[in-house]
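*Asks:* Got a sequence here, can you model it:
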Amino acid sequence: QVQLVESGGGLVQAGGSLRLSCAASGLTLSSFGMAWFRQVPDKEREFVAAISRYGTSTYYGDSVKGRFTISRDNAKNTVYLQMNPLKPEDTAVYYCAGRYMTYGTKVEDFGSWGQGTQVTVSS
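*Replies:* Residues are numbered from 1 along each chain as shown. This is a model prediction of the structure:
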């Protein structure tokens, strides 16, 4: 079955950087559009970034545009999220998500999810 495993989260100071990874298994990654979402307690999951199957198109949420970069390496079955500079308001659990043959920007667009990785940005 499809499995997505995020890694790379941690504690970082404001202005710093992190790179998240999403390792995919049980699928052919090039058949899936991929995305990152994030969530803080008591709030809805928020769209961060999305990338098309071969990386030719990307899309970003307004709050991260110009600071975050999504990329993918289909040969390594991995999707990345480079984040810098980080702000305290970027603190959240970050989730990787996959959608067969296309991508989107809404939670309901995606059927496959990872377990999340915590990112904490101190001021």
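
*Asks:* From here on, just use CA atoms for contacts and neighbour counts.
*Replies:* OK.

*Asks:* So T102 is in contact with G33, correct?
*Replies:* Yes: between T102 and G33 a contact is recorded at 4.8 Å, counting by C-alpha atoms under 8 Å.

*Asks:* more neighbours, those two?
*Replies:* Using other C-alpha atoms under 10 Å, the more surrounded residue of T102 and G33 is G33, with 22 against 15.

*Asks:* tell me the contacts of the more buried one?
*Replies:* With contacts defined as C-alpha atoms under 8 Å, 6 or more residues apart in numbering, G33 is in contact with A50, I51, S52, R53, G98, R99, Y100, M101, T102, Y103, G104.

*Asks:* and with 7 Å instead?
*Replies:* Shown in contact with G33 (C-alpha atoms under 7 Å, 6 or more residues apart in numbering): I51, S52, R53, G98, R99, Y100, M101, T102, Y103.

*Asks:* Check G26 too.
*Replies:* Counted by C-alpha under 7 Å, 6+ apart, G26 has contacts Q1, V2, Q3.

*Asks:* From S63, how far off is it?
*Replies:* 32 Å (C-alpha to C-alpha, to the nearest Å).

*Asks:* quick one: secondary structure of the spatially most central residue of the chain?
*Replies:* Central residue of the chain (C-alpha atoms, centre = their mean): W36, 2.4 Å from the mean position. Here W36 is strand, with the state taken from DSSP: H, G, I helix; E, B strand; the rest coil.

*Asks:* Skip the chain neighbours and tell me the closest residue to it.
*Replies:* C96 (4.7 Å; C-alpha to C-alpha, 6 or more residues apart in numbering).
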